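Novice: the amino acid sequence is not available; the structure is as follows:
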């Protein structure tokens, strides 16, 4: 885990340098060539991330508890750890690096709306990729993988289209979300015996 976090941090520094030139040019190209008719739709896509991301672990935990299904409960714990750890790491990076939003630094970028948190990395993209990766791990079928990652990519694009994030914000958000979902799955195998499943507590006083 430490190795993965180190890679993310090093990659961040390389992208920070890169963002002084090409990063903005890519954003400017995406933003200036966008079809504004899609602004409301892509804003809706962005805003859907939080309820969708939280719905997955909550649904699994509630279903596992109600059905007394240890495996489903376990999947809910795994999804909760993936989302929680990814978002915690993302906000630590946001407040540590404190990168300005594109529209704060470049007056030609007029955002669809304004956010008062730092730009790097994209929290929406982190959530989307953490959820997509978790779904893929739980159900590794093409009909899950394609729409899950298609939605996550659309979320990342929407953040640039709406003038909210640089490309590097989105790339690192995707890496953090994906990485922590994979780490959660691996850690789950190590600590699973220690999980306290609600319906099993009475069996182990």
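Specialist: Perfect, thanks for sending it. The structure presented is a predicted model; accordingly, all values stated were derived computationally and were not measured. Residues are numbered from 1 along each chain as shown.
Novice: any idea how far residue 37 is from the residue lying closest to residue 135 once chain neighbours are set aside?
Specialist: Once flanking residues are discounted, residue 135 sits nearest to residue 148: 4.7 Å by C-beta to C-beta, 6 or more residues apart in numbering. Quick note: C-beta positions are derived from backbone N, CA and C, even for glycine. Look at residue 148 and residue 37: by C-beta to C-beta, to the nearest Å, they are 26 Å apart.
Novice: ok now do residue 84, which residues does it touch?
Specialist: Residues in contact with residue 84 (C-beta atoms under 8 Å, 6 or more residues apart in numbering): none are found.
Novice: hang on, the earlier thing: between residue 148 and residue 37, who's got more neighbours?
Specialist: Legend: neighbour count by other C-beta atoms under 10 Å for residue 148 and residue 37, higher for residue 148 (19 against 7).
Novice: next, the contact list for the more buried one, please.
Specialist: Contact analysis of residue 148 by C-beta under 8 Å, 6+ apart lists 131, 132, 135, 136.
Novice: let me know the secondary structure of the second one.
Specialist: Think residue 132. Counting by DSSP: H, G, I helix; E, B strand; the rest coil, the backbone at residue 132 sits in helix.
Novice: ok, how many other residues are close to it?
Specialist: The tally of other residues near residue 132 (other C-beta under 10 Å) stands at 25.
Novice: ditto for the last one
Specialist: Under the neighbour criterion other C-beta under 10 Å, residue 136 is assigned a count of 18.
Novice: can you tell me which residues contact the closest residue to residue 124 other than its chain neighbours?
Specialist: Distance criterion C-beta to C-beta, 6+ apart; nearest residue to residue 124, sequence neighbours excluded, is residue 49 at 4.8 Å. If a contact means C-beta under 8 Å, 6+ apart, then residue 49 has 124, 127, 128, 131, 155 as its contacts.
Novice: would you indicate which residues of the helix or strand that contains the residue nearest to residue 135 are buried?
Specialist: Under the criterion of DSSP states H and E, residue 148 resides in helix 142-161. Going by neighbour count (16 or more other C-beta atoms under 10 Å), the buried part of helix 142-161 is 148, 149, 151, 152, 153, 155, 156, 157, 158, 159, 160, 161.
Novice: pull the distance from that helix to the chain's centre.
Specialist: How far helix 142-161 lies from its chain's middle: 11 Å, per C-alpha atoms, centre = their mean, to the nearest Å.
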